[in-house]
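Q: sequence and predicted structure are below.
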Amino acid sequence: MKNIRPHGFHHAFLIVVASCAMAIPAAIVWNCAGIFMIPVTRDLGISNGMFSIFFAIPSISQALLFPIIGNIMVRTNARILLSICVMISAITLGALSTFTSIIQFYIAAVFLGLTGPLIMVCMPTLIYRWFSVQNGFYIGLCSAFTGISAIVLNPLGGFIIANYGWRIAYLVFAAIIAVIVFPLVALFIRNYPSEKGLQPYGYREETTSDHINQEVGIDVSFSAAIKSAPFFMLIIFAIACGFTNAFTVHLPAYADSIGKDISIGATIVSFCMAGLLLGKIALGVTANLKCPAVDGVKCPKIDERAGQVTPS
């Protein structure tokens, strides 16, 4: 066995940097959305319930897009695809600052929902392409930046809203994505290490069939997956995550309902995001541990098609 590690800096770590940056749009759209509820509803003269639909529409868009994300990822240039998604997020957030009708928010939510899954699903796919070791840790690290970003951006957004208004806050968030995230994605993202003349970081040169089987894995059919305990455990876990996300987005509105300033509500969300940060890193580290088979099905591993289930 031979570990191939290039002398000097490996481009895989620039993929990590760009992937961490890609978490910023997701953090703004999902984890910072709640701080806008009270100022927007009061300015537009609508109910909290009507604005809550703005949170739900991206989820519907995601549900429609997820089944085909894998094919999109395989057939397109990741750098171009992600650059477009990032800029759509920036333009859409900037447009929110000009809206005067809730219908406009609903239309914008569709675009935010379509770009979010592509950004967040491409991230683990790229990590698996560029790293042969510690994949789970780096996926957890990149995912954790949704929490890190939200810890910083929620108080920042709360301060801007309190002092300059919600429209300026949307513009600032759009500028952050356009100025920071877009250049990193456009400069560093590459589909495969071979495009830079490299092997994945930590690549092990091995010719035995046992190693090949471990690395490539065997596809699990949908009919077999839905009969396994891990499949239903994953569904329960996903539903629990959904409930958590739906809860935290309403915390700023709750803080306002008991007479607290919007900055207090934003700070509460930041503390929630600290827990999200720790949880995602812990989940990434755990993913690298060898786990026993359950009902004859091993722990699943994400492959480059981002949607196919393979055993680890």
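A: Nice, thanks for sending it over. Not measured: the values here are computed from a predicted model. Numbering: from 1, shown residues only.
Q: am I right that Ala225 is in contact with Phe231?
A: Yes. Shown here, Ala225 and Phe231 form a contact pair, counting by Cβ atoms under 8 Å, at 4.8 Å. C-betas here are computed from N, CA, C, even on glycine.
Q: contact partners for the residue nearest to Ala23 when sequence neighbours are not counted?
A: Nearest residue to Ala23, sequence neighbours excluded (Cβ to Cβ, 6 or more residues apart in numbering): Phe145, at 3.6 Å. When contacts are counted by Cβ atoms under 8 Å, 6 or more residues apart in numbering, Phe145 touches 20-21, 23-24, 27.
Q: now the buried members of the residues you listed.
A: 20-21, 23-24, 27 (16 or more other Cβ atoms under 10 Å).
Q: roughly how far does Thr115 sit from Gly157?
A: Here the criterion is Cβ to Cβ, to the nearest Å. By it, Thr115 lies 20 Å from Gly157.
Q: one step back: need the buried ones among the contacts of Phe145 in a markdown table (columns: distance to Ile84).
A: Putting those into a markdown table (distance: Cβ to Cβ, whole Å) gives the following:
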| residue | distance to Ile84 |
| --- | --- |
| Cys20 | 19 |
| Ala21 | 15 |
| Ala23 | 18 |
| Ile24 | 16 |
| Ala27 | 19 |
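Q: roughly how far apart are Gln199 and Val133?
A: Relative to Val133, and taking Cβ to Cβ, Gln199 is found at 12 Å.
Q: buried residues in stretch 41-52?
A: Neighbour counts over stretch 41-52 (16+ other Cβ under 10 Å) mark 41, 44, 51-52 as buried.
Q: among these, which lie within helices?
A: Within the buried residues of stretch 41-52, membership in helices is found for 41, 44, 51-52, as judged by DSSP state H.
Q: need those residues in CSV (columns: distance to Ala282 and pLDDT).
A: Below are those laid out as CSV (distance: Cβ to Cβ, whole Å; pLDDT from 0 to 100):
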residue, distance to Ala282, pLDDT
Thr41, 36, 93
Leu44, 40, 94
Phe51, 33, 90
Ser52, 30, 87
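Q: what is the nearest of the residues you listed to Leu93?
A: Relative to Leu93, the closest of those is Phe51; by Cβ to Cβ it sits at 15.7 Å.
Q: you'd agree that closest one is up against Thr41?
A: Yes. Shown here, Phe51 and Thr41 form a contact pair, counting by Cβ under 8 Å, at 5.1 Å.
Q: before we move on, the earlier item: would you verify that the residue nearest to Ala23 is located in a helix?
A: Yes. Secondary structure of Phe145 (DSSP: H, G, I helix; E, B strand; the rest coil): part of a helix.
Q: what's the pLDDT at it?
A: Among the per-residue scores, Phe145 shows a pLDDT of 85.
Q: which SSE is the residue sitting nearest the centre point of the chain in?
A: Of all residues in the chain, the one closest to the mean position by Cα atoms, centre = their mean is Met120, 3.5 Å from it. Using DSSP states H and E, Met120 maps to helix 102-130.
Q: what about Lys196, distance to Tyr128?
A: Lys196 is 16 Å from Tyr128, by Cβ to Cβ.
Q: between the two, who's got more neighbours?
A: Neighbours per residue (other Cβ atoms under 10 Å) separate Lys196 from Tyr128, with Tyr128 holding more: 19 against 15.
Q: how close does that one get to Tyr192?
A: 11 Å.
Q: pull the most distant pair out of the ones in helices among the buried residues of stretch 41-52.
A: Leu44 and Ser52 (13.5 Å).
Q: mind listing the strands for the stretch 151-300 of the chain?
A: Taking DSSP state E, counting those that start in this stretch as the criterion, the stretch 151-300 of the chain carries its strands at 203-205, 300-302.
Q: touching, Gly140 and Ala282? I think so.
A: Yes. The pair formed by Gly140 and Ala282 meets the contact definition of Cβ under 8 Å, at 7.3 Å.
Q: what count of nearby residues applies to Met123?
A: 26.
Q: which residue comes closest to Gly165 once chain neighbours are left out?
A: Pro39 (7.2 Å).
Q: what about that neighbour, distance to Val152?
A: Pro39 sits 20 Å away from Val152, going by Cβ to Cβ.
Q: more crowded one of those two?
A: A side-by-side neighbour count of Pro39 and Val152, using other Cβ under 10 Å, places Pro39 first with 19 against 14.
Q: low-scoring stretches of the stretch 1-150 of the chain, by residue?
A: Residues of the stretch 1-150 of the chain meeting the criterion pLDDT under 70: 1-8.
Q: export the contacts of Phe145 as JSON lines, with columns for distance to Ala186 and secondary structure.
A: Shown next, in JSON lines, are these (distance: Cβ to Cβ, whole Å; DSSP: H, G, I helix; E, B strand; the rest coil):
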{"residue": "Cys20", "distance to Ala186": "15", "secondary structure": "helix"}
{"residue": "Ala21", "distance to Ala186": "11", "secondary structure": "helix"}
{"residue": "Ala23", "distance to Ala186": "16", "secondary structure": "helix"}
{"residue": "Ile24", "distance to Ala186": "15", "secondary structure": "helix"}
{"residue": "Ala27", "distance to Ala186": "20", "secondary structure": "helix"}
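Q: since that was my last question, I'll sign off now.
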